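Undergrad: With the sequence up front, the predicted model follows.
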Amino acid sequence: MPLVRIDASTDRSPATLRAVADGVHRALVEAIGIPADDRFQVLTTHPAAELIFDQQYLGIDRQDVVCVQITLVRGRTEQQKRELYRLIAAHLEAGAGIRPQDVLVTLTENDRADWSVGNGQAQLLS
């Protein structure tokens with residue numbers, strides 16, 4: 001059960017922002033096998049002046065960064081994570097016209113006991 005936070009510029013259209021959210025979700029389904037209905041996303045837009053990033057860090061030419069932060073239960077392999085990053089960049093380029101160079105993804109892992117998805121219960125614990 002991932003929780004996805006996406007930060008992007010207010011310069012992007014609502015249709016583009018929806019395509020970003022859809023592309024990230026699709027990559028999660030394809031790369032790590034989450035259920036298609038396991039979708040929890042928070043999309044926040046910012047004026048361009050509030051998105052501060054190095055335009056050349058690690059030799060990558062960035063112009064208008066989209067930040068994707070994913071919190072999920074621990075246990076994915078390095079290969080699955082690499083595939084997730086690849087698919088997010090590919091889906092955002094194809095569906096939203098976002099340059100792969102402008103896609104920043106971070107993963108934060110935790111344990112099943114760290115989640116409650118409603119009713120004050122820890123549904124992921126057996």
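TA: Sure thing, it's come through.
Undergrad: Can you pull up the most central residue in this structure?
TA: By C-alpha atoms, centre = their mean, the chain has its centre lying nearest to Val68, at 3.6 Å.
Undergrad: give me phi/psi at the closest residue to it other than its chain neighbours?
TA: Using C-beta to C-beta, 6 or more residues apart in numbering and skipping the chain neighbours, the partner closest in space to Val68 is Val105 (4.6 Å). In this view, the C-beta of every residue, glycine as well, is placed from N, C-alpha and C. Dihedral pair for Val105: phi -120, psi 130, per degrees, to the nearest 10.
Undergrad: Count the residues that sit near Thr106.
TA: 10 (other C-beta atoms under 10 Å).
Undergrad: which phi and psi does it have?
TA: According to degrees, to the nearest 10, Thr106 has phi -130, psi 150.
Undergrad: if I look at it, how far off is Arg5?
TA: Using C-beta to C-beta, to the nearest Å, Thr106 is found at 10 Å from Arg5.
Undergrad: now swap in Ile88 and tell me
TA: For Ile88, the distance to Arg5 - C-beta to C-beta - is 13 Å.
Undergrad: got any residues that touch both of those two?
TA: Val68 (C-beta atoms under 8 Å, 6 or more residues apart in numbering).
Undergrad: Between those two, tell me which one has more neighbours.
TA: Ile88 (27 against 16).
Undergrad: Can you show me the helices along the chain?
TA: 14-32, 78-96 (DSSP state H).
Undergrad: Using JSON lines, please lay out those helices together with distance to Ala49 and mean pLDDT.
TA: As requested, those are exported to JSON lines (distance: least, C-beta to C-beta, whole Å; pLDDT from 0 to 100):
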{"stretch": "helix 14-32", "distance to Ala49": "18", "mean pLDDT": "98"}
{"stretch": "helix 78-96", "distance to Ala49": "22", "mean pLDDT": "98"}
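Undergrad: quick one: Val68 and Val4 touch, right?
TA: Yes: with contact taken as C-beta atoms under 8 Å, Val68 and Val4 are classed as touching, separated by 6.7 Å.
Undergrad: Could you name every residue contacting both of the two?
TA: Common neighbours of Val68 and Val4 (C-beta under 8 Å, 6+ apart) are Val24.
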